[in-house]
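>>> after the sequence you'll find the predicted model.
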Amino acid sequence: ALMSLPVQQSQHEMKKDTKMLFVMGKSDNINPIESAKQVHDCYQAAGLDVSIVYHEGGHSVPNGGDVDSERALEDVCDFILQAVSGKAKE
């Protein structure tokens, strides 16, 4: 999962404005979506801002090698840009 934490904030003191991104591959045999979703749901239940990007691949970050991977990679980039700028993509 990717997280956006303010510099002065440690990982042990996550605030409600912490943003997390889970990148979940539908073919992931190492951390299947069902398991990753349970972790996601725990953070969400704790009140954190969590998002998911799904892709057709396995246990990897999409690299843009096909249409689905390109879409997922763009979604990951959008999350990062939004996290650092504080603004949603227009």
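Now that the structure is in, tell me what you want to look at.
>>> quick check: the gap between Asn29 and Gly57.
From Asn29 over to Gly57 the distance is 11 Å, taken as C-beta to C-beta, to the nearest Å. All C-beta atoms are positioned from the backbone trio N, CA, C, and that covers glycine.
>>> likewise for Phe79?
Remark: distance between Phe79 and Gly57 (C-beta to C-beta) = 17 Å.
>>> hmm, back to that, the more surrounded of Asn29 and Gly57?
Of the pair Asn29 and Gly57, Gly57 is the one with more neighbours under other C-beta atoms under 10 Å, namely 20 against 8.
>>> and that one, what does it touch?
Contacts for Gly57 (C-beta atoms under 8 Å, 6 or more residues apart in numbering) come out as 25-28, 68-69.
>>> what about the residue positioned nearest the centre of the chain, which SS state?
Centroid-nearest residue in the chain: Leu21, 1.6 Å away (criterion: C-alpha atoms, centre = their mean). State at Leu21, reduced to three classes by DSSP: H, G, I helix; E, B strand; the rest coil: strand.
>>> surely it touches Asp78?
No: applying C-beta atoms under 8 Å, one finds Leu21 not in contact with Asp78, separated by 9.8 Å.
>>> how many other residues sit next to the closest residue to Leu48 other than its chain neighbours?
Here the nearest residue to Leu48 in space, its sequence neighbours aside, is Thr18; by C-beta to C-beta, 6 or more residues apart in numbering that works out to 5.3 Å. The tally of other residues near Thr18 (other C-beta under 10 Å) stands at 20.
>>> and Thr18, what's its pLDDT?
In this prediction, Thr18 carries a pLDDT score of 78.
>>> surely it and Gly47 touch.
No: under the contact definition of C-beta under 8 Å, Thr18 does not touch Gly47, with a separation of 9.4 Å.
>>> by contact count, what packs against the helix or strand harbouring Gln38?
In this assignment (DSSP states H and E), Gln38 forms part of helix 33-45. Other elements packing on helix 33-45 under the criterion 3 or more C-beta pairs under 8 Å, 6 or more residues apart in numbering; DSSP states H and E are strand 19-25, strand 49-55.
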